[in-house]
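[1] Quick one, structure for this:
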Amino acid sequence: MDGTGGFAGREGGDARRPAGELEAGVLAALWAADGPLTPGEVQGALGGSLARTTVTTILTRLYEKGAVTRNRSGRGYAYTPTEDSPGLTARRMHTELAKEEDRSTVLARFVSQLSDEDEQLLRTLLDGEAAEAMEGARESGSSSSRRGASDRARSGGERG
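    Now for the predicted structure:
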């Protein structure tokens, strides 16, 4: 490290950025692309501010996390995001929820901290999913597990 908190030898002595910020930048470049990108193309899309080896490392980590897929392109790989930004955020929320044993408390606290607008949006989405599940149950003659999940989420998420 140099005296400014940056790394000696790095262009401009920039301070080190957190990995999440770098991953977000790489994903943004992939989302903006019309197709798969190689690490060099991602580096170019980011303005060349990162070394290609850094971009490759970030892409490899995203691949290991399931956030991107890759296909051979010459000697290396070209990468494509597996989901759009909202899909990735939803997957992260599921991952965090899966880490907890007391899911109902986590969900109740999450819902209790929603803004009134977000709470109403969630209720509308759950009611729509419950209606779709009931329709599917009528057609198949069996109840839907998704409906049960919606009902549990609503009853556990009532605000006091």
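[2] List phi and psi for the residue nearest to residue 30 when sequence neighbours are not counted.
    Counting by C-beta to C-beta, 6 or more residues apart in numbering, residue 30 lies nearest to residue 81, which is 4.6 Å off, once chain neighbours are set aside. To be clear about C-beta, it is placed using only N, CA and C from the backbone, and glycine gets the same treatment. For residue 81, the backbone dihedrals (degrees, to the nearest 10) come out as phi -70, psi 140.
[3] doesn't residue 27 make contact with residue 81?
    Yes. Taking C-beta atoms under 8 Å as the contact criterion, residue 81 and residue 27 are neighbours in contact, 6.0 Å apart.
[4] all strands of the chain, in order?
    Listed in chain order, the strands of the chain (DSSP state E) span 68-73, 76-81.
[5] which one of those strands is the most hemmed in?
    Across those, averaging neighbours per residue (mean count of other C-beta atoms under 10 Å) puts strand 76-81 on top, at a mean of 20.
[6] Show which residues not belonging to that strand make contact with it.
    The contact list for strand 76-81, computed with C-beta atoms under 8 Å, 6 or more residues apart in numbering, reads 27, 30-31, 35-39, 41-42, 56, 59, 62-63, 67-72, 88.
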